[in-house]
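A.B. asks: Test case, fold it:
(chains A and B)
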Amino acid sequence: MRYLPLTEADRRDMLAAIGVSSVDDLFRDVPPAARRDGPVDLPRHAGELEVERRLSALAGRNLDAGSVPFFLGAGAYRHHIPAAVDAIIQRGEFLTSYTPYQPEVAQGTLQYLFEFQTQVAMITGMDVANASMYDGATACAEAAAMACRITRRKSILLSGNLHPHYRSVTATSLQYSGFTVDALDPDPLDLEDLLGRIDSGTACVVVQNPGFFGKIKDLGALADACHDAGALLVVAVTEPVSLGLIEPPGAMGADIVVAEGLGIGNALNFGGPGLGLFATRDKYVRQMPGRLAGQTVDADGRRGWVLTLSTREQHIRREKATSNICTNSGLCALAFTVHMALLGGEGLTRLAELNHAKAVQLAGKLRSVPGARLLHQTFFNELAITVPRPAAEVVARLADRRILGGVPVSRFYPSYPELAPVLLLAATETTREEDMDQLVAALKECAL
Amino acid sequence: MTETISGSRGLSIEEPLLFEQGSPGQCGVDLETPPDLPDHLGGLRRRQPAALPGLAEPTVVRHFTRLSQKNFGIDSVFYPLGSCTMKHNPRLNEKLARLAGFADVHPFQPESTVQGALALIDLAAHWLKTLTGLPAIAMSPAAGAHGEFCGLMTIRAALEDRGERRTRVLVPESAHGTNPASAAACGFTVDPIPATSRGRVDVGALKAKLGDDVAAVMLTNPNTCGLFENDILEIAEAIHGVGGFFYGDGANFNAIVGRVTVADLGIDAMHINLHKTFSTPHGGGGPGAGPTVLSDALAPYAPLPAVVHDAGGFHLVEHAAGSGLKPCGRIKGFHGQFGVFVRALAYMMSMGADGLRQAASDAVLNANYLQARLSGELTPSFDGPCMHEALFDDRFLKDSGVTTLDFAKALIDEGFHPMTMYFPLVVHGALLMEPTETESKETLDRFIDSVRGLAQRAKQGNAAEFLSAPAHTPRRRLDETAAARTPELRWRPEKKV
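C.D. replies: Numbering: from 1, shown residues only, chains lettered A, B, ... in the order given. Got it, this is the predicted structure:
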């Protein structure tokens, strides 16, 4: 077997050195009732060619986004990933290394994590960021818990414009924490009154910008209201490219920013692995979850990097840790860092402008679809529209024509009939004008 | 050594931060010109662009290539990091995960267009259920700790559904820190169980702590000392006897896969670290995946989503209503670590039932070989065979002036990644070595020669060379105390370094 270097002769020699007659003797602590005599009922080992054939057949049963007109977003956005990104992350020194607990032989990992933290802080407009979380949704739950620790309050208010997965992951994760999670109804028209719900028990308000229904908002007044009441403002960003063009949460008064990094450096991968970005203010850093790379010096006085402030973490603090997180998304963070390095400040702005312009172009073309109505006039690269028949049906009909035509909101909120006509359509730099024309032509037939 | 002008030394090249390089005119991507249309930003255009440096592609590629050269990886060195299972990461896994039909698929595409992705999740689930003998699985946990959280959340939901409010979870002192942290995150109080002098759970002490307020016992088996908990059936019976659940931490499943059926151990829930047992890359700290197998009693409470199939194909259950399930909720965005599933399945198919069993056998054989051949110079913490990892303590360094940390750093100069240090906490100055099955006897012999030689030197009074190690690395020992005292967690333009 190609991954196993020991030969039968090696095994005999090693057993002799150990002083036992068979490997079974090494398993003698296993109760006999739990030992298996033979292999499990699964296929035997297979060569590369065979495995490649079997898995390629499964891959062939999916319709990949690049082969058709594609307009899906709803928290996962398809961007072009420069070829250099994958070349770098496949270097074995990155791919096959562990968490950098031995800093002298992990300066490469530690330096890119320090760079990643800096990039995340810069694009979100915050002071400091951690070395990543699992994804945006779990980062959101961690942010809400962190806000409760900081404010010593128990009440969390989730906006109806927050991604439904972020809402449900936060509610699930904190259901036994002693905190209360108040998730407002989904809010497609941006009518909810968050300010009126903040009181002296509120630990934080969690909103998304651009919102789940696409609208961009100025969060300044909300931030002020939170701070006046002693609460924190947590802002979630599901499309990191938007930070290239929109005023960042840090500039609008956010105390904690969480984001989904998927899309920058990382492919869609059916939604996982994701990359949770997590940023906050300097003063809250010791309440932050997750790993942190920090700058220091070595015995010769030269600059270097280590993991730091680990007294917050589970391997030191056990049940008193700020989070149970251990493994995060290191390699995804590397992919993000490389892509962001290639973009630079100007590239990120231009990429964001291009995304926005594509969405503006799409919005213009959709005006010709009878019965289609745009819910918001401000947006980044995703539009919420209503269509005359249930959006899920429209999307299914479009799929029959090999067009991946957006995400029906009913997929997330099946018990809200008023949301059945709402369709989310995203455009990115990967969206061509002819794709838009095909979508619009098909919608004229499918949406009515 | 004479200092060079550049500060670099041959292959060891100094590399500044990204932010200390580049110029405003440079960019590493070329983008089309946007259509000229009025914006719809509502006046919320970013006022101050992010101050990221402009860098052309050659600069970026060289930067990260140089950084990579400052890292040890399994590809370049033996990496016997105990409890971490640093086995070879097959490149076939990487190749297949990058097929467009897997990598370029959106999580919210219509079901009809993702039948292959759903089939893949279902097939990976089938392998994991069959290998453990447990009937159900939650695929969405993102890592081991997240799997623990998933399992305990499921247990809590099951208990509440039968009207019970149990508050305590028993966790051995030797457990990984995530166990108590996960239990706390689910609102339980953690009650530690001491270990015996044989490195196992003290079953008498455990039983004394049992009561009808105990929700679960969490047990890692093989445990973090590298030993099989041979009283496990008695422990399972005891916790079940008071109506609680038995959570298995499957971090060390690699030692027993194919040789022990987890269900036969009485375990109700166990996470499986795909990045350990099933060869997916650690990637410098993730992404991992921690699917959690569940008993029939816990299955209805698993978090969503779930993949099911009928005559019409595969379906994704995303909502409880109408599903007949009582899920504890949702713990992860989208549908789990799909890209990790592809890699793990490629590995499982490559190894097969026979190969996985052989892998466990070889992993245990390699660890016992290390233990046997090092025991003359080092001090093993416990008698008898170990499982997949060998645990030593620092008695062999007594009065040498050398600590476990110093010893580990000296191994770096020998060209090996150190073993895990100071974990588990139940022995003094722990050195935990996990060779895995993907190392050859020649590699183990070279490592053994180095470790034995270092132990002899330490005992002979050469402490100074250990205290100054490592000498042959891009950086010598780093000041972790200073880093924590005045945290510098990002580069700042106003504070040039």
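
A.B. asks: And the strands in the chain?
C.D. replies: Using chain A here. Applying DSSP state E to chain A gives strands spanning A:128-129, A:155-158, A:180-183, A:202-208, A:232-237, A:256-260, A:276-280, A:293-297, A:303-307, A:373-374, A:382-386, A:407-408, A:422-426.

A.B. asks: my bad, the chain I had in mind was chain B
C.D. replies: B:136-138, B:168-172, B:189-193, B:214-220, B:245-250, B:269-272, B:292-294, B:306-310, B:313-317, B:379-380, B:390-393, B:420-421, B:431-433.

A.B. asks: domain assignment for the chain?
C.D. replies: Since you didn't name a chain, this refers to chain A. A:65-80+A:344-446, A:83-339 (automatic domain parsing).

A.B. asks: looking at chain B here, not the other one
C.D. replies: Each structural domain of chain B that the record assigns through automatic domain parsing is listed here as a residue range: B:92-348, B:353-473.

A.B. asks: Compare those domains and give me the one nearest A:Ala147.
C.D. replies: Among the domains of chain B, the nearest to A:Ala147 by CB to CB is domain B:92-348 (15.7 Å). No exception for glycine: its C-beta is placed from N, CA and C like everyone else's.

A.B. asks: now, of the domains of chain B, which is deepest in the fold?
C.D. replies: Counting by mean count of other CB atoms under 10 Å in any protein chain shown, domain B:92-348 has the highest mean neighbour count of the domains of chain B, with a mean of 23.

A.B. asks: end-to-end on that one?
C.D. replies: The stretch domain B:92-348 measures 12 Å between its terminal residues, going by CA to CA, to the nearest Å.

A.B. asks: Next, the contact list for A:Ser177, please.
C.D. replies: With contact taken as CB atoms under 8 Å, 6 or more residues apart in numbering or on different chains, A:Ser177 is in contact with A:Ala145, A:Cys148, B:Ala185, B:Gly187.

A.B. asks: Now render those as CSV, adding pLDDT.
C.D. replies: Converted to CSV, the contacts of A:Ser177 look like this (pLDDT from 0 to 100):
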residue, pLDDT
A:Ala145, 97
A:Cys148, 97
B:Ala185, 92
B:Gly187, 93
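
A.B. asks: still on that earlier bit, B:Trp491 is nearest to which of the strands of chain A?
C.D. replies: Between B:Trp491 and the strands of chain A, the shortest separation by CB to CB is 8.3 Å, and it involves strand A:293-297.

A.B. asks: What are the contacting residues of the closest one?
C.D. replies: By CB under 8 Å, 6+ apart, the list of residues contacting strand A:293-297 from outside reads A:100, A:110-111, A:113-114, A:117, A:131, A:303-309, B:478-480, B:482-484, B:487-489, B:497.

A.B. asks: What is the neighbour count of A:Val20?
C.D. replies: By other CB atoms under 10 Å in any protein chain shown, the residues close to A:Val20 number 17.

A.B. asks: Next, the contact list for it, please.
C.D. replies: Applying CB under 8 Å, 6+ apart to A:Val20 gives the contacts A:Leu26, B:Asn368, B:Pro385.

A.B. asks: right, and A:Tyr134 touches B:Ala142 too?
C.D. replies: Yes - under the criterion of CB atoms under 8 Å, A:Tyr134 makes contact with B:Ala142 at 3.9 Å.

A.B. asks: list residues touching both of the two?
C.D. replies: A:Pro273, B:Pro287, B:Lys332.

A.B. asks: Dump the residues you listed to CSV, plus distance to A:Gly265 and pLDDT.
C.D. replies: Shown next, in CSV, are the shared contacts of A:Tyr134 and B:Ala142 (distance: CB to CB, whole Å; pLDDT from 0 to 100):
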residue, distance to A:Gly265, pLDDT
A:Pro273, 12, 97
B:Pro287, 13, 97
B:Lys332, 20, 98
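
A.B. asks: picking that back up, let me have the strands of chain B in CSV, adding mean pLDDT and distance to A:Thr180 as columns.
C.D. replies: Shown next, in CSV, are the strands of chain B (pLDDT from 0 to 100; distance: least, CB to CB, whole Å):
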stretch, mean pLDDT, distance to A:Thr180
strand B:136-138, 98, 25
strand B:168-172, 96, 23
strand B:189-193, 96, 20
strand B:214-220, 97, 22
strand B:245-250, 97, 27
strand B:269-272, 98, 27
strand B:292-294, 98, 27
strand B:306-310, 96, 28
strand B:313-317, 97, 27
strand B:379-380, 97, 51
strand B:390-393, 98, 44
strand B:420-421, 96, 40
strand B:431-433, 98, 42
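
A.B. asks: In TSV, list those strands along with distance to A:His227.
C.D. replies: Below are these laid out as TSV (distance: least, CB to CB, whole Å):
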stretch	distance to A:His227
strand B:136-138	39
strand B:168-172	38
strand B:189-193	34
strand B:214-220	39
strand B:245-250	42
strand B:269-272	40
strand B:292-294	40
strand B:306-310	41
strand B:313-317	41
strand B:379-380	58
strand B:390-393	51
strand B:420-421	44
strand B:431-433	48
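
A.B. asks: these two touch, right, A:Thr99 and B:Gly283?
C.D. replies: No - contact status for A:Thr99 versus B:Gly283: not in contact, 9.5 Å apart, counting by CB under 8 Å.

A.B. asks: residues shared between the contacts of these two?
C.D. replies: Contacts common to A:Thr99 and B:Gly283, judged by CB under 8 Å, 6+ apart, are A:Gly330.

A.B. asks: Now do stretch B:352-367, average pLDDT.
C.D. replies: This predicted structure assigns stretch B:352-367 an average pLDDT of 98.
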